[in-house]
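Asker: kindly generate the corresponding structure for this input.
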Amino acid sequence: MAWFNFFSKEKKETLDKGLSKTKEGVFSKLARAVAGKNQVDDDVLDNLEEVLITSDVGVDTTLRIIERIEQRVARDKYLGTSELNRILREEITSLLTETGEDTEEEFAVPADKRPYVIMVVGVNGVGKTTTIGKLAYQYKKKGYSVYLGAADTFRAAAVEQLVAWGERVGVPVVKQKMGSDPASVAFDTLSSAKANNADVVIIDTAGRLHNKIGLMNELTKIKNVMAKVLPDAPHEVLLVLDGSTGQNAFEQAKQFTAATEVNELAITKLDGTAKGGVVIGISDQFKIPVKYIGLGEGMEDLQVFRRAAFVDSLFGD
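Answerer: Just a heads-up that it's a prediction; the model follows:
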């Protein structure tokens with residue numbers, strides 16, 4: 001498979017371990033779905049529909065997958081239940097590919113976009129600041145100079161956590177006093193990064209409840225202010241979602257994508273949940289590529305999302 005070109009043995013083992021709870025749940029349900037059956041028929045498809053929905057793939061995406069498998073059954077006339085895993089892998093990988101292709105080089109910065117600006121959004125508790133720290137680590141590991149901006153000025157803990165990550169990774173953190181204008185922090189961060197020829201800027205933002213209109217207006221203001229320093233900033237608006245929350249992650253994605261121009265997703269905490277199917281549903285429903293998945297607490301446990309590798313790990317033998 002092509003994804004082996006990008007995937008080390010260690011990354012594959014981390015992915016398999018991180019998705020183990022979801023995989024165990026899916027396989028036990030699939031076993032019940034095909035029990036006593038040799039052929040993929042209407043009963044098997046009905047059972048498969050229930051398996052996918054209860055694995056947090058989501059209703060709409062599940063129906064799309066079932067429709068694709070029905071077309072395969074109609075075309076091939078006979079499909080054995082022993083082939084179901086292979087068919088699922090093929091159809092779900094195809095579905096995920098519709099939102100974008102895998103990037104060849106991981107944690108790369110376009111040469112014509114320096115500094116490359118990432119604005120990170122998401123509600124409190126999803127692993128937003130931790131994801132920023134891991135991103136900073138990965139970019140620095142590649143040899144890039146990184147600046148962090150502590151624009152979540154409403155929670156002292158958020159600023160302290162980001163500063164701690166900055167010290168841990170060895171990158172500067174731009175901050176102001178508590179209660180300062182978040183847009184002002186973003187402005188200072190970009191100005192400093194630009195003056196010092198930095199390669200990457202990552203801006204943390206407030207993570208209050210996603211249904212609060214004030215927060216969404218604030219995110220728009222931060223974006224507008226950053227554009228005064230760099231006309232095309234931010235280059236990436238990264239929405240961080242907690243995979244362990246299942247369907248609640250769908251609602252958060254709906255609210256944030258409606259309020260700001262999210263163009264990348266990071267789905268965290270997949271190692272502690274059986275709800276990894278949410279990655280498939282969110283990617284399909286919102287047509288926004290999943291760029292990163294979080295599979296543990298370690299610095300290396302934030303992986304670039306590889307579609308075929310993910311599906312193979314989830315539905316492979």
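Asker: how far away is Ile118 from Thr130?
Answerer: For Ile118, the distance to Thr130 (C-beta to C-beta, to the nearest Å) stands at 15 Å. Where C-beta positions appear, they are placed from N, C-alpha and C, glycine not excepted.
Asker: what does Lys21 give?
Answerer: 20 Å.
Asker: between Ile118 and Thr130, which has more neighbouring residues?
Answerer: Neighbours were tallied for Ile118 and for Thr130 using other C-beta atoms under 10 Å; the higher tally belongs to Ile118 (22 against 19).
Asker: sec struct for the more buried one, please.
Answerer: Of the three states, Ile118 takes strand under DSSP: H, G, I helix; E, B strand; the rest coil.
Asker: ok, now which ones touch it?
Answerer: Neighbouring residues of Ile118 by C-beta atoms under 8 Å, 6 or more residues apart in numbering: Leu135, Val200, Val201, Ile202, Ile203, Pro234, His235, Glu236, Val237, Leu238.
Asker: out of the residues you listed, which two sit at the greatest distance?
Answerer: The span of these, defined through C-beta to C-beta, is set by Val200 and Val237 at 14.8 Å.
Asker: more crowded one of these two?
Answerer: Val200 (26 against 22).
Asker: tally of neighbours for Asn47?
Answerer: 16.
Asker: for Phe7, report the pLDDT, please.
Answerer: Looking at Phe7, its pLDDT stands at 58.
Asker: got it, and the one 3 residues further on?
Answerer: If you check Glu10, the pLDDT there is 81.
Asker: same check, this time on the one 10 residues further on
Answerer: Listed pLDDT for Ser20 reads 87.
Asker: now do the SS call for Thr61.
Answerer: Quick answer, by three-state DSSP: Thr61 is helix.
Asker: now do the one 4 residues further on
Answerer: In terms of secondary structure, Ile65 is helix; the call rests on three-state DSSP.
Asker: need the nearest residue in space to it, chain neighbours excluded.
Answerer: Glu91 (5.8 Å; C-beta to C-beta, 6 or more residues apart in numbering).
Asker: what about the one you found, distance to Gly179?
Answerer: Distance from Glu91 to Gly179, by C-beta to C-beta: 51 Å.
Asker: the two: which has the busier surroundings?
Answerer: Glu91 (19 against 9).
Asker: gap between the host helix or strand of Ser283 and the chain center?
Answerer: Assigned by DSSP states H and E, Ser283 belongs to helix 278-286. Mean-position distance between helix 278-286 and its chain equals 10 Å (C-alpha atoms, centre = their mean, to the nearest Å).
Asker: now stretch 30-47
Answerer: 32 Å.
Asker: average pLDDT for it?
Answerer: The model assigns stretch 30-47 a mean pLDDT of 84.
Asker: quick one, helices of the stretch 1-150 of the chain?
Answerer: 9-18, 20-33, 42-54, 59-76, 84-97, 128-141 (DSSP state H, counting those that start in this stretch).
Asker: show me what contacts the nearest residue to Gly272 once chain neighbours are set aside?
Answerer: With sequence-adjacent residues excluded and distances taken as C-beta to C-beta, 6+ apart, Gly272 is closest to Ser244, at 5.9 Å. Contacts for Ser244 (C-beta under 8 Å, 6+ apart) come out as Lys269, Leu270, Gly272, Thr273, Lys275.
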